[in-house]
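S.K.: sequence first, then the predicted structure, then my questions.
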Amino acid sequence: MNKETLNTALTFFQRGRPSCEQFHQSPKLDDLRKTDLTYSQFFRDYLLPNAPCLLSPDFTDGWKCRRQWVKGDGTPDFEHLLNDFGDSIVPVANCDVKEYNANPKHNIPLREYLGYWRQHRERSYSSPQGCLYMKDWHMHRGFPNHGVYSTPDFFQSDWLNEYWDTIKLDDYRFVYMGPKGSWTPFHADVFRSYSWSANICGRKKWLLFSPGQEEYLRDCSGNLVYDAQSPTLQDKNSYPKYSQCCQPIEVVQEAGEVIFIPSGWHHQVYNLEDTISINHNWLNGCNIDIMWSFLQGELRAVQGEIDEWKDHMEDWHQHCQLLLKSCTGINYSEFYTFLNIISKSRMAILDASSEDTANVKNIYPRELSALGPCHSVFDLHRSEDVLTSLLSNEDFRKLDTDLLHPRPEDMLHKIREVLSATPL
């Protein structure tokens, strides 16, 4: 990131976020080649305005998985996958069964799933087991030195996976594999994060809805529709606001292409052919405020569910935090820890880069040092903004923050001290 982009980004957040509805007025995604723009341009034109786009296959041409996992005819190479990963336990969803607003999953060895997939194809994509889709396999976590793909430079500022890598508990990097006809119901991604998805082989159809459009796809009880193309949406008694919904942006993603799904965009996805894809959920300074707004909304929903116990339960607020953790995977205290880890690394990078640029490259991952000091300054400004909001939040103030280290007030002071001393 250069200084001009840093100033543009800081001004952007001072003005507030614009509406995303204009994307439905010209429902075609920009198709970008590797030579089309720099990181700073991508940051300015897509990350800040929360705009979707497609990256052409030249972004994935060098990936080993595009050669090793795919046969000459463009179909999955089951033998190679079996040899390399056959004993891995993978989560498999049944696309033919609705469980709440998703598909039920179970874990099986990958070799068993590949056997099913072969038979499913031989039977003209029919099986008594239903249409099974392997989703959310943490291949990167199980095989961290795989070397079969690399994160495109535009997506390197990834607070979410940086955090999970630091505490060594989880990650949000996944492999999906599924036959023609497998699909994912209507949803938005975890924490309202960004996502990127690269087709290793096969083709997908995406239906994209900008933030706010999902409100027109709720039934009378406030529940989101399971299938955004369901005829039941035409029933005004069940879905009274559907007529106000914009038509989705429809995108067909070809083999090798990478799609960028912005923060908070609901979507539905179909595999038009036998498909393998690599998918990351990620967050950074551009959408950390959206994650924070999402967590506040989820806590309000939890509080509403157990409001009747508020005056009868001594630790009601803490219990709400436990339920928030159960529903979303993180609570307010952990969100502070998340901000703390990201902020500390950015301050350390600025401190090291002021003395020895080579030292930064030795200590920190390549992607952090490559983004440059302006990016660390931007990240600290965004942490400062969200941490300020967190400290003024009534529900956060009810928690025992003395158990947090460093104390949130001290961390905020340190961030401001570093920013004031950084000559950018």
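M.R.: Right, received. Where do you want to start?

S.K.: only C-alpha atoms for contact and neighbour calcs from this point on.
M.R.: OK.

S.K.: packing partners of the longest helix anywhere in the chain?
M.R.: Counting by DSSP state H, the longest helix found in the chain is helix 332-353. Packing partners of helix 332-353 (3 or more Cα pairs under 8 Å, 6 or more residues apart in numbering; DSSP states H and E): helix 159-167, helix 357-363, helix 373-391, helix 408-421.

S.K.: buried residues, the longest one. List them.
M.R.: Which is helix 373-391. 373-387, 390-391 (16 or more other Cα atoms under 10 Å).

S.K.: ok, now which residue in this structure is the farthest from the centroid?
M.R.: Relative to the centre of the chain, the most outlying C-alpha is that of residue 312, 38.0 Å out, by Cα atoms, centre = their mean.

S.K.: roughly how far apart are that residue and residue 22?
M.R.: 48 Å (Cα to Cα, to the nearest Å).

S.K.: and for residue 420?
M.R.: Distance from residue 420 to residue 22, by Cα to Cα: 37 Å.

S.K.: swap in residue 276?
M.R.: Applying Cα to Cα to residue 276 and residue 22 gives a distance of 32 Å.

S.K.: between those two, who's got more neighbours?
M.R.: Neighbour count, other Cα atoms under 10 Å: between residue 276 and residue 22, residue 276 has more, with 27 against 10.

S.K.: in what helix or strand does that one lie?
M.R.: Element membership for residue 276, per DSSP states H and E: strand 275-282.

S.K.: so what's the spatially most central residue of the chain scoring on pLDDT?
M.R.: Centroid check for the chain by Cα atoms, centre = their mean gives residue 281 as the closest residue, at 2.5 Å. We have a pLDDT of 98 for residue 281.

S.K.: list the contacts for residue 372?
M.R.: 1, 2 (Cα atoms under 8 Å, 6 or more residues apart in numbering).

S.K.: rewinding a little: could you check how far the residue farthest from the centre of the chain is from residue 390?
M.R.: From residue 312 to residue 390 the distance is 27 Å (Cα to Cα).

S.K.: related to what we said a few turns ago, and the helices and strands packed on helix 332-353, which one averages the lowest pLDDT?
M.R.: Of all these, helix 357-363 carries the lowest average pLDDT, namely a mean of 53.

S.K.: any idea how far stretch 159-169 is from the chain center?
M.R.: 14 Å (Cα atoms, centre = their mean, to the nearest Å).

S.K.: oh sorry, the question was meant for stretch 3-17
M.R.: With Cα atoms, centre = their mean as the basis, stretch 3-17 stands 22 Å off its chain's centre.

S.K.: give me the contacts around that stretch.
M.R.: Outside stretch 3-17, the residues that reach it (Cα under 8 Å, 6+ apart) are 40, 43, 44, 48, 49, 374, 375, 378, 381, 424.

S.K.: would you turn the residues you listed into JSON lines with distance to residue 409?
M.R.: Shown next, in JSON lines, are the contacts of stretch 3-17 (distance: Cα to Cα, whole Å):
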{"residue": "40", "distance to residue 409": "32"}
{"residue": "43", "distance to residue 409": "30"}
{"residue": "44", "distance to residue 409": "31"}
{"residue": "48", "distance to residue 409": "28"}
{"residue": "49", "distance to residue 409": "31"}
{"residue": "374", "distance to residue 409": "24"}
{"residue": "375", "distance to residue 409": "23"}
{"residue": "378", "distance to residue 409": "20"}
{"residue": "381", "distance to residue 409": "15"}
{"residue": "424", "distance to residue 409": "24"}
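
S.K.: now flag whichever of those residues is closest to residue 162.
M.R.: residue 375 (15.0 Å; Cα to Cα).

S.K.: can you tell me the closest non-neighbouring residue to the closest one?
M.R.: Closest residue in space to residue 375, ignoring its immediate chain neighbours: residue 1 at 5.6 Å, by Cα to Cα, 6 or more residues apart in numbering.

S.K.: quick one: the strands in this structure, in order.
M.R.: Under the criterion DSSP state E, strands of the chain are mapped to 30-32, 53-55, 89-94, 105-109, 132-137, 173-178, 183-187, 194-201, 204-209, 249-253, 258-261, 266-271, 275-282.

S.K.: which other helices and strands does the fifth one contact?
M.R.: Think strand 132-137. On the basis of 3+ Cα pairs under 8 Å, 6+ apart, strand 132-137 makes packing contacts with strand 89-94, strand 173-178.
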